[in-house]
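> build me a model from this:
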Amino acid sequence: MKRVLLCVCCALVILGTVIGCKAKPGSADGTGKYKVGLSNAYMGNDWRQEMLKTIQVAVTKSPYAEQVDLTIVNSENTPEAQTAAIDAMIEQGYNAILIDASSPTSLNPVIDRALAAGIVVVSFDNIVNHPRVTGIYTDQVATGTGWAKFIAAQLKPGDTVAIDTGLPGSTIGNTVYDSAKAVFDAAGIRVAAEYASEWSDGVGQQQIASVLAANPDLDGLLCQAFGQTIDAAFTQAGRPFIPSTGYQTNAGQLSALNKKIPFISAGNPPGNVVYALDIALRQLKGEAVQHEYVVVPIFYTIPECADIDIGYKVTTIERGVTVFDNAPGAIEWPALPAEFTTMQFTIDEIANYKQ
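Now for the predicted structure:
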């Protein structure tokens, strides 16, 4: 659900054309700080809450503590609700607005109004398709492709899989689905079922249970939820584990490691929001930036599956190195993109991420 983008495993790839900057040169709040708003259109999973925590921690640290006055506005996951939230920020004179978007195109009119007011706009995660807005996102084509290759390498033509579409209508969910489906089609693997986990552990368990009940001979599961979701659903159904995928969580990695689940995960760093903040500040200071910043995902799998070739670097799950027995189950670590070195976090700083 709600999330990569991270050398092939950890390299930052910069695409697109340079965006010129016509931002307001000074602070709007009278404190010498830039007034920055974050418009977030979804709160239905832990990833979004960890994302908010990362930027809340970031603005307490240098160099952002001296430069940023941050306000977070959470809205319903509809273009109408998010448009209203952004319009309010425009009226309140923000210097910059960061957007995790409810739609790739429906926000363009309100973004035009923000740009006309001299406000810097940067989108991240679910980005907007706007020629004057920088987007920072995880390469979900790589995620879907790598996941599907992991499953396909363990199956044969004619075998069946189920595909999770993620959050209905989302750019990320659709991109993962399309790229994975292309791999399965090329390998002669049949898609027997589709479902939507909404990037949620609870919803995902229910949906997987229904898929398993209707498909007793399923051979693979391309899931956009998490390893612990798969563990719970298969354990409850009394079914043996099959090659599966999911987004990175500490609990999911532990489930796969402890139960030897043939599982691969990919990270969508919640700290991409901090990257977006950094880009916005650079624009406010008159620097030219790229139109897109793409982070390639880090893939993690159990030692027994470490030799499977997916076309991307794969990191082996290791207790005390990549997973931690005492860390929160839903936390994604590392929280920041690998190539973002302006600051570092500790797990303790973001462990209490529940909003």
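> give the contact list for Gln49.
By C-beta atoms under 8 Å, 6 or more residues apart in numbering, the contact set of Gln49 is Met43, Tyr353, Lys354, Gln355. Where you see a C-beta, it was placed from the backbone N, CA and C, and this is true even at glycine.
> whichever of these end up buried, select them in PyMOL.
Applying 16 or more other C-beta atoms under 10 Å to the contacts of Gln49, the buried members can be selected in PyMOL as follows:
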select buried, resi 353
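> can you name the element that comes right after the longest helix along the chain?
In the chain, assigned by DSSP state H, the helix with the most residues is helix 171-187. Going down the chain from helix 171-187, the next helix or strand is strand 190-195, by DSSP states H and E.
> sheet-wise, list the partners of that next one with their directions.
Under the criterion DSSP bridges, strand 190-195 sits next to strand 160-164 (parallel) in its sheet.
> gap between the partner strand and the chain center?
The chain centre lies 21 Å from the centre of strand 160-164; the measure is C-alpha atoms, centre = their mean, to the nearest Å.
> that one to helix 171-187, inter-axis angle?
Angle of strand 160-164 versus helix 171-187, following axes from the mean of the first three to the mean of the last three C-alpha atoms, to 10 degrees, is 170 degrees.
> give me the residues contacting strand 160-164.
Everything outside strand 160-164 that qualifies as a contact, by C-beta under 8 Å, 6+ apart, is 151, 155, 177, 180-181, 184, 189-197, 204, 207-208, 211, 215, 217-225.
> between the two ends of stretch 312-329, how far is it?
Start to finish, the residues bounding stretch 312-329 are 26 Å apart (C-alpha to C-alpha, to the nearest Å).
> could I get the average pLDDT for it?
Stretch 312-329 shows a mean pLDDT of 91.
> buried residues, it. List them.
Those would be Tyr312, Lys313, Val314, Thr315, Ile317, Thr322, Val323, Ala327, Pro328, for stretch 312-329 by 16+ other C-beta under 10 Å.
> out of these, flag the one nearest to Gly32.
Nearest to Gly32 among the buried residues of stretch 312-329 is Pro328, at 35.8 Å by C-beta to C-beta.
> Phe324 contacts Asn250, doesn't it?
Yes: Phe324 is within contact range of Asn250, at 6.2 Å (criterion: C-beta atoms under 8 Å).
> overlap of the contact sets of those two?
Taking C-beta under 8 Å, 6+ apart as the contact rule, Phe324 and Asn250 both touch Trp333.
> so which of the buried residues of stretch 312-329 are in strands?
Among these, the members found in strands (DSSP state E) are Val314, Thr315.
> now the contacts of Gln49 in a markdown table, with distance to Tyr137?
Shown next, in a markdown table, are the contacts of Gln49 (distance: C-beta to C-beta, whole Å):
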| residue | distance to Tyr137 |
| --- | --- |
| Met43 | 19 |
| Tyr353 | 21 |
| Lys354 | 25 |
| Gln355 | 22 |
